[in-house]
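Colleague: Let me see the structure of the following:
(2 chains)
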2 protein chains.
Amino acid sequence: MAKRIWNSTPKKDGYRMPGEYEAQERIWMIWPERGDVWRNGALPAQRAFAEVAEAISRFEPVTMLASDGQYENCRAMCPPEIAVLELSSDDAWARDVGPSFLVDGKGGLRACDWTFNAWGGLVDGLYFPWDKDDRTAEKICELAGADSYRTEGFVLEGGSFHVDGEGTALTTEMCLLSPGRNPSLTKTEIEEKLKEYLNLEKVLWLPDGIDPEETNGHVDDVACFARPGEVVCIWTENPYHPFYEAAHKAYRALETMTDARGRRLKVHKLCCPKRPVRIGENFQLQVSGTAKPRKAGELCIASYANFLLVNGGVIVPQYGDENDALALSQLQAIFPERKVVGVDTREIVYGGGNIHCITQQQPRRAGGTAAEAAASPESSI
Amino acid sequence: MAKRIWNSTPKKDGYRMPGEYEAQERIWMIWPERGDVWRNGALPAQRAFAEVAEAISRFEPVTMLASDGQYENCRAMCPPEIAVLELSSDDAWARDVGPSFLVDGKGGLRACDWTFNAWGGLVDGLYFPWDKDDRTAEKICELAGADSYRTEGFVLEGGSFHVDGEGTALTTEMCLLSPGRNPSLTKTEIEEKLKEYLNLEKVLWLPDGIDPEETNGHVDDVACFARPGEVVCIWTENPYHPFYEAAHKAYRALETMTDARGRRLKVHKLCCPKRPVRIGENFQLQVSGTAKPRKAGELCIASYANFLLVNGGVIVPQYGDENDALALSQLQAIFPERKVVGVDTREIVYGGGNIHCITQQQPRRAGGTAAEAAASPESSI
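Modeller: You can find the predicted model right below:
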């Protein structure tokens, strides 16, 4: 019943992607299960996903999507207030395989269904195949009752950009200009695509992300909008920290930038973990020829910037690190109107992502503030 | 988010199953795909299912549930107004594996999630395993936002009974007393279960169905309620017709029965196909050790009684038989307030069922007449 739209764009139709801080309807997540990405048959990661879902559900509804084979296990491991629906996927990255939802401010809900190729396809993708993942956005749109723009041929993941909801996007050259995504398009052409599909006036390009080997530098580990005109950027004073260079480059770039409305950005610093988080001892994955191998001792992409904004809340990764509490207090100062909640996500970061990567917000159709949203009744799923 | 209820019953909670003629919200169907049940890789059956869905969608919304492997094929073969959602199943019998929905007349929607064992489990079930089928009702309930009563240990299929919505059920001894379902329960105990879970005062027992080898005699091939106090019963004057004896036994029994409200039933006769429908030549299934084999020449359970009532409509099987038009005109006379639509379902009857077997109605929460229902807006899925 949800239609796919091929012959128009959100910009033409008056749809825009809201900022993550705008009122949300629910959060979509996907249940992890592959033994060649998640250790111990994915059980520790499943526990962490359930904890993230539980934390979010204190603020708004969560729908967890699980394969049929995992349905009963997922139902048993998630709290009863989490809706569990069947959906097959190649892994568990709702940010990157899910739809990017759009609203028109008149009650309309649509979405972009980007082409997904596992972060680089046959050039440097992280697993093969990815056909189930690429069907996921369409299925979520049908569940949400949202017509979708299928951007056939344009490869993009939700974690590779942030929007302020007022005409500006933030992204990285490292990712969007990577050879495994849209090698036939120039930077200008890519920017035009973003402007058409996210209804933007201006794209702010940061140079690098912090995970060149994984997502080729998704921006959602580096910086994001806190509200229109304000961004959060990771920061460390330690020149030996693995994220030092990317953090400083991003911070310096952001300081000089103005957004689509002409505002000079206010940049908030967010600390990095004191000690680089590494995959622990006794870490072993099932062997497969199709997923990037991961092993004990490897550096994890453990950034506090991979948090999620929900109605009235901020869900923040914690790593058992000395700086965990500092990250929470910095974010509480940036978001005094929200409740900041930390969740230990080491088992998720071992798989290559974090809270923002495993979630996808569906905005309220009618818009309104998060406080208003929290007061309204829920839909059935 | 939909809860499972273990420690109460619909009768205790004031929920009842509405008659099929009451206002409906939507019809749920499941996409066929097994090559050992449906010929030619299920393609001809898929075409017939899509035609049934299209016919229903003229009256109310239809949601088709398909496995991930069939998702794109199902989406392509069904008209765009049919919603397609992912769901894994062991076959395609939404009547028997889906939930039996209940309402409380105050906007509440719940359902019975019967234990399913493929029409007889290891005694005389039709395929093995059936675990996906047995998870289906729970998944549909989550999609519909309906809390469900899980009748753990009580085996029943939706096609084995009809209700009038006013305290009466119609069923068969052949099916409900079969050794493959609830052998440890007496007839009285089974009747008590029905009364508790469907909120009934009276169960009307017919002796036999017409498919002892398949569903062990589901009533939905023999008789059903047209409205409170009135039933439709199959009929043939030809003593050589394979359904002659069961039809006459059922008709004679129904003539003498009174319903829960004390009304003597008015019985409408519905013809049978003139010539017994048989599986045609060149019929071949993929071989499997787990599904009942079917072969060319076999008698099909081709009854016109396996129709479906929808808001303002009656969807009726057609077999390319001389009596097709007679069946339509008889039903039009019984249901003058509804539009009668025939669909050629030979490819479905080759697999052992028909329109009623492959559909499951979700009633309107608030109740109301079908005409009112047809005038109200649809939900998103």
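Colleague: Run a quick neighbour tally on residue A:322.
Modeller: 11 (other C-beta atoms under 10 Å in any protein chain shown). C-beta coordinates here come from the backbone N, C-alpha and C atoms, glycine included.
Colleague: Can you name the residues that contact it?
Modeller: A:273-275 (C-beta atoms under 8 Å, 6 or more residues apart in numbering or on different chains).
Colleague: Go again with 6 Å.
Modeller: Shown in contact with residue A:322 (C-beta atoms under 6 Å, 6 or more residues apart in numbering or on different chains): residue A:274.
Colleague: Roughly how far does it sit from residue B:48?
Modeller: In this view, residue A:322 and residue B:48 are 65 Å apart by C-beta to C-beta, to the nearest Å.
Colleague: and what of residue A:230?
Modeller: Distance from residue A:230 to residue B:48, by C-beta to C-beta: 58 Å.
Colleague: how far does stretch A:30-47 stretch from start to finish?
Modeller: Using C-alpha to C-alpha, to the nearest Å, the span of stretch A:30-47 from its first residue to its last is 13 Å.
Colleague: got the buried residues for it?
Modeller: In terms of neighbour count (16 or more other C-beta atoms under 10 Å in any protein chain shown), stretch A:30-47 has its buried residues at A:30-39, A:42-46.
Colleague: what about residue A:51, which SS state?
Modeller: Secondary structure state of residue A:51, per DSSP: H, G, I helix; E, B strand; the rest coil, is helix.
Colleague: hang on, I meant residue A:46
Modeller: Residue A:46 - assigned by three-state DSSP - is helix.
Colleague: I'd like to know which helix or strand in chain A has the lowest mean pLDDT.
Modeller: Sorting the helices and strands of chain A by mean pLDDT, DSSP states H and E puts helix A:370-375 at the bottom, at a mean of 52.
Colleague: wait, what's in contact with residue A:77?
Modeller: Residue A:77 neighbours (C-beta under 6 Å, 6+ apart): A:46, A:50.
Colleague: Now it. Its backbone dihedrals?
Modeller: When read as degrees, to the nearest 10, the backbone of residue A:77 gives phi -90, psi -20.
Colleague: ok, now how distant is residue A:17 from chain B?
Modeller: 20 Å (C-beta to the nearest C-beta, to the nearest Å).
Colleague: how many neighbours does that residue have?
Modeller: By other C-beta under 10 Å, neighbour count at residue A:17 equals 26.
Colleague: shouldn't residue A:111 be in contact with residue A:150?
Modeller: No: applying C-beta atoms under 6 Å, one finds residue A:111 not in contact with residue A:150, separated by 9.8 Å.
Colleague: between these two, who's got more neighbours?
Modeller: Neighbour totals were compared for residue A:111 and residue A:150, and residue A:111 leads with 29 against 17 (other C-beta under 10 Å).
Colleague: Can you name the helix or strand that the more buried one falls in?
Modeller: strand A:109-115 (DSSP states H and E).
Colleague: How far away from the center of its chain is stretch A:345-365?
Modeller: Its chain's C-alpha centre and that of stretch A:345-365 lie 6 Å apart, by C-alpha atoms, centre = their mean, to the nearest Å.
Colleague: contact partners of that stretch?
Modeller: By C-beta under 6 Å, 6+ apart, stretch A:345-365 touches A:18, A:22-29, A:37-38, A:44-45, A:48, A:52, A:92-95, A:98, A:101, A:103, A:107, A:109, A:144, A:159, A:214, A:220, A:279, A:300, A:302, A:306-308, A:315, A:317, A:319, A:373.
Colleague: ditto for stretch A:91-101
Modeller: Contact partners of stretch A:91-101, identified using C-beta under 6 Å, 6+ apart, comprise A:17, A:28-30, A:32, A:34, A:37, A:111-113, A:116, A:133, A:136-137, A:140-141, A:157-159, A:356-360, A:362-363.
Colleague: Narrow the residues you listed to those in strands?
Modeller: A:28-30, A:111-113, A:359-360, A:362-363 (DSSP state E).
Colleague: now, which of the residues you listed sits nearest residue B:290?
Modeller: When those are compared for distance to residue B:290 (C-beta to C-beta), residue A:30 wins out at 30.7 Å.
Colleague: so how far is chain B from the spatially closest residue to that closest one that is not a sequence neighbour?
Modeller: Distances taken as C-beta to C-beta, 6 or more residues apart in numbering or on different chains put residue A:92 closest to residue A:30, at 4.4 Å, once the chain neighbours are dropped. Look at residue A:92 and chain B: by C-beta to the nearest C-beta, they are 15 Å apart.
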